[in-house]
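Novice: Sequence and predicted structure, then a few things I'm wondering about:
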Amino acid sequence: MTTPCQVCGENHPFIASYLDICPECARTPRGVSKAQSAHIAARALFGLPKNPPRTKDGVICKLCASHCEIGEGELGYCGLRTVQDGVFRHLAGTPRKGILHWYRDPLPTNCVADWVCSGSQKYGKHNLAVFYTSCTLDCLFCQNWHYRKVDPEGSEGITAQALADCATRLSYCVCFFGGDPASQLPHALATAKSLAEKGVVVCWETAGTANPKLMDRAVSYSIQTGGCVKFDLKAHSESLHKTLTGRGNNQTLENFARAGGKFQERPDSPLVIASTLLVPGYIGVEEVRRIAAFIAGVNRDIPYALLGFSPQFLMNDLPRTSVEHAEAAYQASVGEGLTNVRIGNRHLLGYEY
């Protein structure tokens, strides 16, 4: 059964009904414009601002690519910053309060970088998996969308030092996930500093939207401790990225290139790893080819993981990524010169197309 695209009117086998925009039109200005109403509705479900505020004479937040200009009583795009009585206020994301959940994940675990990271060999130890319950994007296919249900003001949170104190002698590494750690990077950096002093390996998994200066600090902790930075490159096309996530990707690509430029400092244990979720129809072989070419332009030896899509959140009527799709994306990536490509979470792949 096919669905007509609300932009071009043509039927297409892969159209998420929440978007009603076909993969081809998702790359066009009209598609991006139409998708904005879907993002506004998605964010309204959780009381999040429909767009980054742009209030004249508002307080500017420089933590991520959104550069919110927050007026009195408004919320920043991530939902964690506001202005009260003319004073900029963090609801969470400072060293004094992070909103997150964490657990000890026995190694080896299903890390995006598991085939190249040192933790995959540390049997008997564990990873501190830290999931921040906030984000700087609005992915309609979010695989961890439940974080949106957390109330920043009503959550007690945890200090950076208290989180670092959860490490034990068996804590080999920490990975900051989300949501995205970019939305609470001051808290994550303070935690990383304390953990690095204890000899814990520091890793990150991020869409790369953080302020470049803060992103450089995050990368430095991974260099110092032998950890890695896993960049989720959702799309190369900025228009497609906007359609699917609500925001552009210029800062993501800039941060990736900056971090990837340091790859040769530690080639034996990769500092930077890239990954892409193979969303059926939308993130097809040609889009993966463009991403792979971009990665190869930074350093062809950067490991690249192609991840199977599980129908989630507001794009849950799409099928799982097919084996054929994943294999073709793999061949396209290798064809662009990448030397270390892997199809991850194969157990999620299907045969529906």
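Specialist: Everything's here; your move.
Novice: Centroid-wise, who is the farthest residue in this structure?
Specialist: Distance from the centre of the chain peaks at D85, with 33.1 Å (CA atoms, centre = their mean).
Novice: Helices of the stretch 51-200 of the chain, residue ranges please.
Specialist: Per DSSP state H, counting those that start in this stretch, the stretch 51-200 of the chain carries helices over the ranges 160-164, 185-197.
Novice: Which one of those lies nearest to G124?
Specialist: Closest to G124 of these, according to CB to CB: helix 185-197, at 19.0 Å. (Each C-beta comes from the backbone N, C-alpha and C, glycine too.)
Novice: circling back to that earlier point, from C173, how far off is the residue nearest to the residue farthest from the centre of the chain when sequence neighbours are not counted?
Specialist: For D85, ignoring the flanking residues on the chain, the nearest one in space by CB to CB, 6 or more residues apart in numbering is E72 at 7.8 Å. E72 is 42 Å from C173, where distance means CB to CB, to the nearest Å.
Novice: same thing with F313?
Specialist: Counting by CB to CB - F313 and C173 are separated by 28 Å.
Novice: do the same with I343
Specialist: Distance, I343 to C173, using CB to CB: 24 Å.
Novice: So the two - more neighbours on which side?
Specialist: Neighbours per residue, other CB atoms under 10 Å: of I343 and C173, the larger number sits with C173, 27 against 18.
Novice: in this structure, which helix has the most residues?
Specialist: When the chain is parsed with DSSP state H, its longest helix is helix 29-44.
Novice: Next up, the contacts around D57.
Specialist: If a contact means CB atoms under 8 Å, 6 or more residues apart in numbering, then D57 has G71 as its contacts.
Novice: Could you do the one 4 residues further on as well?
Specialist: Remark: with contacts taken as CB under 8 Å, 6+ apart, C61 is in contact with H67, C68, I70, G76, R81, F88.
Novice: Just the local confidence number for it, please.
Specialist: Note on C61: pLDDT of 96.
Novice: cool, D268 as well?
Specialist: 80.
Novice: Also E265?
Specialist: Note on E265: pLDDT of 84.
Novice: again with K122
Specialist: pLDDT, K122: 96.
Novice: now swap in F131 and tell me
Specialist: 98.
Novice: neighbours of the residue nearest to Y282 when sequence neighbours are not counted, just the number please.
Specialist: Distance criterion CB to CB, 6+ apart; nearest residue to Y282, sequence neighbours excluded, is P23 at 4.9 Å. Burial measure for P23: 23 neighbouring residues, criterion other CB under 10 Å.
Novice: Now for P23: which residues touch it?
Specialist: Applying CB under 8 Å, 6+ apart, we find P23 in contact with H12, F14, I15, G281, Y282, G284.
Novice: which one among those gets closest to L195?
Specialist: For the contacts of P23, the residue nearest L195 by CB to CB is Y282; the value is 36.6 Å.
Novice: which SS class is the closest one?
Specialist: coil (DSSP: H, G, I helix; E, B strand; the rest coil).
Novice: how about it, what does it touch?
Specialist: F14, A16, P23, A26, A235, L240, L244.
Novice: Out of the residues you listed, list just those in helices.
Specialist: Members of the contacts of Y282 lying in helices (criterion: DSSP H): L240, L244.
Novice: least confident pick among the contacts of Y282?
Specialist: Sorting the contacts of Y282 by pLDDT puts F14 at the bottom of the list (92).
Novice: So it is in contact with D317, correct?
Specialist: No. With contacts counted by CB atoms under 8 Å, F14 stays clear of D317, the gap being 10.1 Å.
Novice: between these two, who's got more neighbours?
Specialist: Set F14 next to D317 and count neighbours by other CB under 10 Å: F14 wins out with 16 against 11.
Novice: Quick check: that one vs P270, distance?
Specialist: F14 sits 33 Å away from P270, going by CB to CB.
Novice: for P53, same thing?
Specialist: Per CB to CB, P53 is found 38 Å from P270.
Novice: for H39, same thing?
Specialist: Distance, H39 to P270, by CB to CB: 34 Å.
Novice: Show me which of the two is the more surrounded one.
Specialist: H39 (24 against 20).
Novice: what residues are up against the more buried one?
Specialist: Contacts of H39 (CB under 8 Å, 6+ apart): K50, D138, L140, G246.
Novice: Would you format the residues you listed as a markdown table with distance to V32 and neighbour count included?
Specialist: Shown next, in a markdown table, are these (distance: CB to CB, whole Å; neighbours: other CB atoms under 10 Å):
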| residue | distance to V32 | neighbour count |
| --- | --- | --- |
| K50 | 15 | 16 |
| D138 | 13 | 22 |
| L140 | 13 | 24 |
| G246 | 10 | 25 |
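Novice: hey, where'd the strands end up in the stretch 151-300 of the chain?
Specialist: Using DSSP state E, counting those that start in this stretch, the strands of the stretch 151-300 of the chain run over residues 171-177, 201-206, 229-232, 272-278.
Novice: Just the C-alphas of the first one, formatted as PDB.
Specialist: Going back to what we said before, that points to strand 171-177. C-alpha atoms of strand 171-177 as PDB (Å, rounded to 0.1, in the frame of the first residue of the first chain):
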ATOM      1  CA  SER A 171      34.100   1.000  35.900                       C
ATOM      2  CA  TYR A 172      36.300   0.800  32.800                       C
ATOM      3  CA  CYS A 173      34.600   3.400  30.700                       C
ATOM      4  CA  VAL A 174      31.700   6.000  30.700                       C
ATOM      5  CA  CYS A 175      29.600   6.900  27.700                       C
ATOM      6  CA  PHE A 176      27.400  10.000  27.600                       C
ATOM      7  CA  PHE A 177      24.300   9.400  25.400                       C
END
